[in-house]
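Engineer: Need a 3D model of the sequence below.
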Amino acid sequence: MKPIRLLILAVLLSAAFGAQAQKLAPAPYLCDSMVLQRDMPLPLKGTASPGSIVEVSFAGHTVTAETDAQGVWQAMLPALEASSRNRTMEIRSGDEAVTIRDILVGEVWLAGGQSNMAFKVRGMKFDDRLALIRDADYSDVRCYYRANIVSGGKLLDISDRPWSGAYGRRIYDWSAVAYLFARELHRELGVPVGIVNCSHGGSTAEAWISPEAFASDPALKAAVGKIYDGIGSHYKNPSVLYEKMLARFHGLTVRGVIWYQGESNGYFPEQYATLFPGLIADWRRFFGNDNLPFIFAQLPSYRVPGDKSGERWARLRQAQLNTARTIARTAMVVTADCGNAENIHPKNKYPVGMRFAAAAKELVYAGKEPGTLTLPGPITAEDRRVTVPVGGIRSGLSLRGRESGFELRDTEGLWHPADLHIRGNLLELTSAEVPAPTGVRYAWGNVNTLTVYHKSGLPLPPFTFDTEPKTTKR
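Structural biologist: Residues are numbered from 1 along each chain as shown. A predicted model of the protein is given here:
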């Protein structure tokens, strides 16, 4: 045989052998000490040689799948009950085998957003941090950390931190909010809780939205406020973190998402009203669950540098509130009273994590305490009085402090302090200077003070609304 033919044959054989030799591997997050979501069918993904059969055995179930032309396989385990028993999963294909040990079944949540979700336990207030470290002895609370793309203005080349339990100083590098959330759910539900941390400091909402979502929605694409160059292009531009970080978890089954983000969209607060609902819809598509619970933080009090209006973050908070009012299966966590006007990364994360857990208990697990105080509307005006209904409660609201924090807008567009009277779950507002109110707002501005709380300790969110004439039913 001529040398050229031998060379061609060698290349073809090499290509064919290379395809057949692709190693059996589960998805990266399917590894030792993982937590699987209970009570939901579980698609498990990975790679192996194209056209091969993969067998997965776990908890008394054995399921099979065939790899596609690219060597990707997906096997479907049936829904499993919660279990703290450390069990083993066996994955086989031909002569290859992968063993995954120490697997629990419970509740799995993804923690996403930017730096205030990424904010670590080690950065909390000293007493809070010390108490958490001393208490941390939870083999059934576990975390998987997705590696970041950028840190300190430089590109990173680091691996994910695989699943680990909550023991002592190990939690130092966990998200403070996510850890508190997971610990509280574990204590309340009595089942294992796993957190998948997929957050990135400085990230915009658009960085977490898929190219397909932008391509199919011109309004979503038009809402992108800025395209960045340099290092910012790696974690702020549309879809970059969706592709570089979130895509790693394709096939993962989660109960819901906790989200703390919005700071990097503060220069374009009105666009967030389009971007954020678009992100929620896109992530629900990604996780294959149109009803995926999505619990998010409303931005804290902060003196935004260079913002002469003093209202950019206030307007973004309003976009977040409107999302909670209009998008089903969402809940908003108020953080304005946990902030620091001079620090974009407030250390007081303890109440934030606990409020996330309270919201989850209400929205997902039917807890008795209100997870969030809602403003279902409409906000009505009759004569001089404006009435604001507060949802999720019947009573228990009270005013803390001398000033109400409320203002009413007159027909000239000027705002005036208002007097507050609480009747059950209704807030009634009047001002001698506003005979015909056209709008109402509460705790307005980048830097604000909350004054109305429920007896559970949860605060009323900052807001602004136009009023509607009260109609009388006939």
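Engineer: Quick one: the strands in the stretch 251-400 of the chain, in order.
Structural biologist: Residue ranges of the strands in the stretch 251-400 of the chain, as given by DSSP state E, counting those that start in this stretch, are 256-260, 294-297, 330-333, 380-382, 385-389, 397-399.
Engineer: Just want the most central residue of the protein.
Structural biologist: For the chain, Trp259 is the residue whose C-alpha lies nearest the centre (CA atoms, centre = their mean; 2.1 Å).
Engineer: Contacts only, for that residue.
Structural biologist: Trp259 makes contact with Ala111, Gly112, Gly113, Met117, Phe294, Ile295, Phe296, Ala297, according to CB atoms under 8 Å, 6 or more residues apart in numbering. C-beta coordinates here come from the backbone N, C-alpha and C atoms, glycine included.
Engineer: Got a ChimeraX select line for the buried ones in those residues?
Structural biologist: Here is the ChimeraX selection string for the buried members of the contacts of Trp259, based on 16 or more other CB atoms under 10 Å:
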select :111,112,113,117,294,295,296,297
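Engineer: Of all pairs in the contacts of Trp259, which one spans the longest distance?
Structural biologist: Across these, the longest distance by CB to CB is 13.4 Å; it joins Met117 and Phe294.
Engineer: could you point out which element follows the longest strand seen in the chain?
Structural biologist: Longest strand in the chain by number of residues, with DSSP state E as the criterion: strand 96-113. Later in the chain than strand 96-113, the nearest helix or strand by DSSP states H and E is helix 115-118.
Engineer: Show me what that next one is packed against.
Structural biologist: When contacts are defined as 3 or more CB pairs under 8 Å, 6 or more residues apart in numbering; DSSP states H and E, helix 115-118 packs onto helix 176-189, strand 193-199, strand 256-260.
Engineer: and Leu44, which of those is closest to it?
Structural biologist: Among the helices and strands packed on helix 115-118, strand 193-199 sits nearest to Leu44 (CB to CB), with 15.0 Å.
Engineer: quick one: average confidence on that closest one?
Structural biologist: Average pLDDT, strand 193-199: 98.
Engineer: how far does that strand sit from the chain's center?
Structural biologist: Relative to the centre of its chain, strand 193-199 is centred 10 Å away, using CA atoms, centre = their mean, to the nearest Å.
Engineer: And stretch 79-86, by the same measure?
Structural biologist: That offset, for stretch 79-86, works out to 25 Å (CA atoms, centre = their mean).
Engineer: In PDB, could you pull the C-alpha coordinates for that stretch?
Structural biologist: What follows is stretch 79-86, C-alpha atoms only, in PDB (Å, rounded to 0.1, in the frame of the first residue of the first chain):
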ATOM      1  CA  ALA A  79     -38.200  10.700  42.200                       C
ATOM      2  CA  LEU A  80     -36.600   9.700  45.500                       C
ATOM      3  CA  GLU A  81     -37.500  10.300  49.100                       C
ATOM      4  CA  ALA A  82     -35.300  12.400  51.300                       C
ATOM      5  CA  SER A  83     -32.500  10.500  53.000                       C
ATOM      6  CA  SER A  84     -29.500  11.300  55.200                       C
ATOM      7  CA  ARG A  85     -28.000   7.800  54.500                       C
ATOM      8  CA  ASN A  86     -24.700   8.000  52.700                       C
END
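Engineer: Can you point out the buried residues in that stretch?
Structural biologist: If you call a residue buried by 16+ other CB under 10 Å, then stretch 79-86 has these buried ones: Leu80, Ala82, Ser83.
Engineer: doesn't Val35 make contact with the first one?
Structural biologist: No. Under the contact definition of CB atoms under 8 Å, Leu80 does not touch Val35, with a separation of 11.3 Å.
Engineer: Now the common contact residues for the two.
Structural biologist: Counting by CB under 8 Å, 6+ apart, the residues touching both Leu80 and Val35 are Val105.
Engineer: which residue ranges form the helices in the protein?
Structural biologist: Along the chain, counting by DSSP state H, helices occupy 3-20, 115-118, 126-135, 176-189, 211-216, 218-222, 240-244, 269-286, 312-326, 350-363.
Engineer: Can you give the distance of the third one from its chain's centre?
Structural biologist: To tie it back to what came earlier, the one meant is helix 126-135. Once both centres are worked out by CA atoms, centre = their mean, helix 126-135 turns out to sit 24 Å from its chain's centre.
Engineer: The shortest one too?
Structural biologist: The chain centroid and the centroid of helix 115-118 are separated by 10 Å, computed with CA atoms, centre = their mean.
Engineer: Quick one: end-to-end length of stretch 328-345, please.
Structural biologist: One end of stretch 328-345 to the other measures 29 Å (CA to CA, to the nearest Å).
Engineer: before we move on, what about stretch 384-400?
Structural biologist: In stretch 384-400, first residue to last residue: 24 Å (CA to CA).
Engineer: which of the residues in that stretch are buried?
Structural biologist: Buried residues in stretch 384-400, counted by 16+ other CB under 10 Å: Val386, Thr387, Val388, Val390, Gly392, Ile393, Gly396, Leu397, Leu399.
Engineer: which among these gets closest to Arg146?
Structural biologist: Gly392 (33.0 Å).
Engineer: Is the closest one in contact with Leu363, as I believe?
Structural biologist: No. Judged on CB under 8 Å, Gly392 makes no contact with Leu363 at a distance of 10.4 Å.
Engineer: Quick check: the gap between Ser431 and Leu397.
Structural biologist: Per CB to CB, to the nearest Å, Ser431 is found 20 Å from Leu397.
Engineer: Adding distance to Ala65 and mean pLDDT as columns, could you present the strands of the stretch 251-400 of the chain in CSV?
Structural biologist: Converted to CSV, the strands of the stretch 251-400 of the chain look like this (distance: least, CB to CB, whole Å; pLDDT from 0 to 100):
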stretch, distance to Ala65, mean pLDDT
strand 256-260, 27, 98
strand 294-297, 30, 98
strand 330-333, 34, 95
strand 380-382, 57, 94
strand 385-389, 51, 96
strand 397-399, 54, 96
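Engineer: coming back round to it: report all helices and strands that the longest strand of the chain contacts.
Structural biologist: On a contact count with 3+ CB pairs under 8 Å, 6+ apart, strand 96-113 meets strand 25-26, strand 35-37, strand 83-93, strand 137-145, helix 176-189, strand 193-199, strand 256-260.
Engineer: Fine by me, we can end here.
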